[in-house]
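I would like to see how this sequence folds:
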Amino acid sequence: MTVTSLEEALLKFAHEVGRAKTLARTGWKEKVGIESPESIAEHMYRTALVSMVLSDLEGLDTEKVLRMALLDDLAETLAGDLTPSQKRSLGPGGARSSEERALRQLLSTLPKKISSKYTETWKEAQSLRSREARLVKSSDKLEMAIQAQEYALQGYDPERLEEFIKSAGAKLTAPRAKRIYEIMKRQPKVIS
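Modelled structure (predicted):
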């Protein structure tokens, strides 16, 4: 598709990022055997909502937090949702380089000023150098733990899912996310 106008560029971008709605999160299928796991977009959606609420509660820059949450996994639409072992096989920095190339490709049809801003926001989120970035990473991991608990409640192997829950808990740095995680761990079922 040859892009001739900004509107066509935005349409192309919308189509490309729309792939996140159909790409399954890899770890659930490979490690647990879930045939139809959540999509990357479903994971990004709950992560963004949790991030937004936690940011507002903490008085952080919620616009920045939302931008980070929406960009954090976006590159996976092209680079794929790699498991930790797949990332390790790419060597130090290999996965991040691959994701950055994919993100730049996705953003390439947008105006330079916007794509540069989004790329810098993504880099900040990956570096965890700000409170906002650490909150988004904690929200991302908390979402994974919540999803694992929900899969266990649907009858999937709780022992295999416990690996995801423990891994997520070990990576939480935002205090409120840690407290939510502890409450989640004590719940015998999902709170309704």
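
Run a quick neighbour tally on residue 119.
15 (other C-beta atoms under 10 Å). Where you see a C-beta, it was placed from the backbone N, CA and C, and this is true even at glycine.

That one sits in which helix or strand?
Element membership for residue 119, per DSSP states H and E: helix 112-127.

what residue is smack in the middle of the protein?
When C-alpha atoms, centre = their mean is applied to the chain, the residue found nearest the centroid is residue 73 (4.3 Å).

From residue 152, how far off is that one?
23 Å (C-beta to C-beta, to the nearest Å).

Equivalent analysis for residue 117, please.
39 Å.

what do you get for residue 34?
11 Å.

Quick one: mean pLDDT over the longest helix along the chain.
Taking DSSP state H as the criterion, the chain has its longest helix at helix 131-153. The average pLDDT for helix 131-153 rounds to 96.

Give me the next element, helix or strand, following it.
According to DSSP H and E, the helix or strand after helix 131-153 is helix 158-170.

what's the following helix or strand after that following helix?
Next element after helix 158-170 (DSSP H and E): helix 175-186.

So what touches that following helix?
50, 54, 57-58, 135, 138-139, 141-142, 145-146, 149, 165, 168-169, 172 (C-beta atoms under 8 Å, 6 or more residues apart in numbering).

switch the cut-off to 7 Å
Helix 175-186 is contacted from outside by 54, 57, 58, 138, 139, 142, 145, 146, 149, 169, 172, using C-beta atoms under 7 Å, 6 or more residues apart in numbering.

Stretch 105-120 now?
By C-beta under 7 Å, 6+ apart, stretch 105-120 touches 3, 9, 12-13, 16-17, 71, 74-75, 77-78, 103-104.

Among those, which one lies nearest to residue 129?
Taking C-beta to C-beta as the measure, residue 129 lies nearest residue 71 of the contacts of stretch 105-120, at 15.4 Å.

so that closest one touches residue 126, yeah?
No. Between residue 71 and residue 126 there is no contact under C-beta atoms under 7 Å: 9.7 Å.
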